[in-house]
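Novice: Have a look at this prediction, sequence included:
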Amino acid sequence: MKKLGYVVGALIAVILLGYCVQPPDYPDEPEIKYIGLSKNIMNQGEGYTDSLFVTFSFTDGDGDLGYPESDPTGSVFIRDSRDSFFKPALQLPYVEPLGAANGISGEITVKLPTTCCIYTSPEGFKFPCDEVPVTFLFDSFSYFIKIRDRAGHESNEIKTDVIRLRCQ
């Protein structure tokens, strides 16, 4: 009878352990998924006259995202589809290591300032913001975004929806 009590107790312990929360099993490389834009039309301009927000989700198996404020290393890399040039890198907030199970996930929203329309003439010349012809009303582009963690692991690259830029 005593053995039966031990067996039942052990069986209950195994069942209860099976219901314990297991730490997430994410790969060490960050992974991101596009969620959306706050808007898809902006006015062109230099500086911070207009902006939009891009939101994406992330997972990171070793939980080493961001850098301390004293370290200016960039973590978010944004590329314009029209010219493939990277914008200045953005910094994610520092995430403290959590111990043995460091897997983290969440959402990131970044604010992106407006940019200039890129008008290319039939001859192949590109014009700056203030010299775009009045007949060139809209420009369209997307952003490509990826992140990097402190170990140097880069995420996959996501693409935003098309953004229309009002040129005049």
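Specialist: On my side now, so go ahead.
Novice: name the helices or strands packed onto the host helix or strand of T59?
Specialist: Taking DSSP states H and E as the criterion, the element that holds T59 is strand 51-60. Contact here means 3 or more C-beta pairs under 8 Å, 6 or more residues apart in numbering; DSSP states H and E; on that basis strand 51-60 packs against strand 31-37, strand 104-113, strand 143-147. The way it works is simple: take the backbone N, C-alpha and C, and place the C-beta from them, glycine included.
Novice: which of the residues in it are buried?
Specialist: L52, V54, F56, F58, T59, D60 (16 or more other C-beta atoms under 10 Å).
Novice: between it and strand 143-147, how big is the angle?
Specialist: 40 degrees (axes from the mean of the first three to the mean of the last three C-alpha atoms, to 10 degrees).
Novice: what angle do the helix or strand following strand 51-60 and strand 51-60 make?
Specialist: Next helix or strand after strand 51-60 toward the C-terminus (DSSP H and E): strand 76-80. Calculated by the same axes, to 10 degrees, strand 76-80 forms an angle of 130 degrees with strand 51-60.
Novice: can you list the residues that contact strand 76-80?
Specialist: Residues outside strand 76-80 that contact it (C-beta atoms under 8 Å, 6 or more residues apart in numbering) are 85-87, 89-92, 108, 110, 112, 115, 141, 143-148.
Novice: Give the buried subset of the residues you listed as a PyMOL selection command.
Specialist: Command for PyMOL, covering only those of the contacts of strand 76-80 found buried under the criterion 16+ other C-beta under 10 Å:
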select buried, resi 90+92+108+112+115+141+143+145+146+147+148
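Novice: still on that earlier bit, same list (the buried residues of strand 51-60) but as TSV, adding pLDDT.
Specialist: Below are the buried residues of strand 51-60 laid out as TSV (pLDDT from 0 to 100):
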residue	pLDDT
L52	96
V54	97
F56	97
F58	94
T59	93
D60	92
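Novice: Which strand residues bridge K33?
Specialist: Using DSSP bridges, the bridge partners assigned to K33 are S57.
Novice: That one and T55 touch, don't they?
Specialist: No - counting by C-beta atoms under 8 Å, K33 stays clear of T55, with 10.1 Å between them.
Novice: Need the per-residue pLDDT for A13.
Specialist: If you check A13, the pLDDT there is 42.
Novice: Can you tell me, leaving aside adjacent residues, what's nearest to T120?
Specialist: The shortest distance from T120 to any non-neighbouring residue, by C-beta to C-beta, 6 or more residues apart in numbering, is to K126 (5.3 Å).
Novice: Quick check: that neighbour touching I118?
Specialist: Yes - K126 lies in contact with I118 (C-beta under 8 Å); the separation is 6.0 Å.
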